[in-house]
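*Asks:* When you get a sec, could you give me coordinates for this:
(one chain, ligands or ions: 1)
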Amino acid sequence: MIMTTIAAQLQHTQQRLQQASHAVGRPEGSVRLLAVSKTFGPDAVAEAVQAGQRAFGENYVQEGVDKIVALRQQLPGVVLEWHCIGPLQTNKTRPVAEHFDWVQSVDRLKVAQRLSDQRPAHLPPLQVCIQVNVDGGPTKSGVAPAELPELARAVAALPRLKLRGLMCIPEPAPSFEAACAVFKSAVGLLEALNAEGLALDTLSMGMSDDLEAAVASGSTLVRVGRAIFGGRPPKG
Ligand SMILES: *Cc1c(COP(=O)(O)O)cnc(C)c1O
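*Replies:* Predicted coordinates for the structure are as follows:
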């Protein structure tokens, strides 16, 4: 069988994940791979699906919804898992609640309330992560760590959401050790919430350039775009 570029890059990414897990004694399969398909068309997603990938991340609501619908037609009967990972405005929550399986970028209660209200009754609860601004980075959205416990308690109480954990996008770090220190602060935040009585199992952290540090630090879900699909054109 001839392997496509996407299939080969997917396999290479899986190998990186395995090696990174092995290096710190984490069991195989303890880190899931989310393929971030933003800016790539349905055909690229279909190629990754043929190579065995099932979970995909999208940043832009309309682009994501169009792709979800296209893939359902293109690959009937194949169940995919779609994660919204981009900043979410309150006026864009409805299509997200109606089409996605996960939202990782919840950073305020208003958005969470709308997602819960708008989640259709025939679908399972929307799985959510709260995005935390772990390193105080200026350009990234996310709740400040000090405000996290209150938001987490409120989100966990919403009926049509299932709070699963935290997501973070730290600024690029100057070294492996520095990256690990930031990722480990996210682990600490998750552990503190669980000590308070929540039962969170997901830490979404690590991308194409820093997945090794994220896995070494305790990530359970890495979000990888460029290493699988190739470079994206600069955002216009
Ligand atoms: C684009 C994006 C990714 C993937 O980044 P790569 O560097 O392409 O791996 C992961 N998470 C979020 C939130 C993104 O916006």
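*Asks:* Now do the same contact list for the closest residue to the ligand within the chain.
*Replies:* Proximity of the chain to the ligand (C-beta to the nearest ligand atom) peaks at G225, 2.6 Å away. No exception for glycine: its C-beta is placed from N, CA and C like everyone else's. Residues in contact with G225, defined by C-beta atoms under 8 Å, 6 or more residues apart in numbering, are A35, V36, S37, K38, G57, M207, S208, R232.
*Asks:* Now with 7 Å, please.
*Replies:* G225 makes contacts with V36, K38, S208, R232, as judged by C-beta atoms under 7 Å, 6 or more residues apart in numbering.
*Asks:* can I assume the first one is in contact with A55?
*Replies:* I take that to be V36. No - using C-beta atoms under 7 Å, V36 is not in contact with A55, being 10.0 Å away.
*Asks:* all helices in the chain, in order from the N-terminus.
*Replies:* Here the chain has its helices, by DSSP state H, at 5-23, 42-50, 61-74, 93-99, 109-118, 148-156, 176-195, 211-217, 226-229.
*Asks:* and among these, the most buried is which?
*Replies:* Greatest average neighbour count among the helices of the chain goes to helix 211-217 (a mean of 23), per mean count of other C-beta atoms under 10 Å.
*Asks:* what's that helix packed up against?
*Replies:* helix 5-23, helix 176-195, strand 221-224 (3 or more C-beta pairs under 7 Å, 6 or more residues apart in numbering; DSSP states H and E).
*Asks:* one step back: now tabulate the helices of the chain in TSV and tack on mean pLDDT and distance to I169.
*Replies:* Below are the helices of the chain laid out as TSV (pLDDT from 0 to 100; distance: least, C-beta to C-beta, whole Å):
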stretch	mean pLDDT	distance to I169
helix 5-23	97	18
helix 42-50	97	22
helix 61-74	98	18
helix 93-99	98	18
helix 109-118	98	17
helix 148-156	98	15
helix 176-195	98	10
helix 211-217	98	11
helix 226-229	97	14
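*Asks:* pLDDT at A51, what is it?
*Replies:* As predicted, A51 sits at a pLDDT of 97.
*Asks:* which one of V36 and A55 has more residues nearby?
*Replies:* V36 (25 against 17; other C-beta atoms under 10 Å).
*Asks:* partner residues bridging that one?
*Replies:* Per DSSP bridges, the residues bridged to V36 are G57.
*Asks:* residue contacts, it?
*Replies:* G57, I85, R223, V224, G225.
*Asks:* Grab the two from those residues that are most spread out in space.
*Replies:* Across the contacts of V36, no pair lies farther apart than I85 and V224, at 11.4 Å, counting by C-beta to C-beta.
*Asks:* of these two, who's got more company?
*Replies:* I85 (26 against 23).
*Asks:* pLDDT value on that one, please?
*Replies:* On the pLDDT scale, I85 gets 98.
*Asks:* and this protein, which residues reach the ligand?
*Replies:* Residues of the chain found near the ligand (C-beta under 6 Å from any ligand atom) are 36, 38, 59, 85, 169, 207-209, 223-227.
*Asks:* Go again with 8 Å.
*Replies:* Neighbours of the ligand within the chain, by C-beta under 8 Å from any ligand atom: 34, 36, 38, 57, 59, 85-86, 104-105, 167, 169, 207-209, 223-229, 232.
*Asks:* Quick check, K162 in contact with P125.
*Replies:* Yes - the criterion here is C-beta under 7 Å, and K162 meets it with P125 at 4.3 Å.
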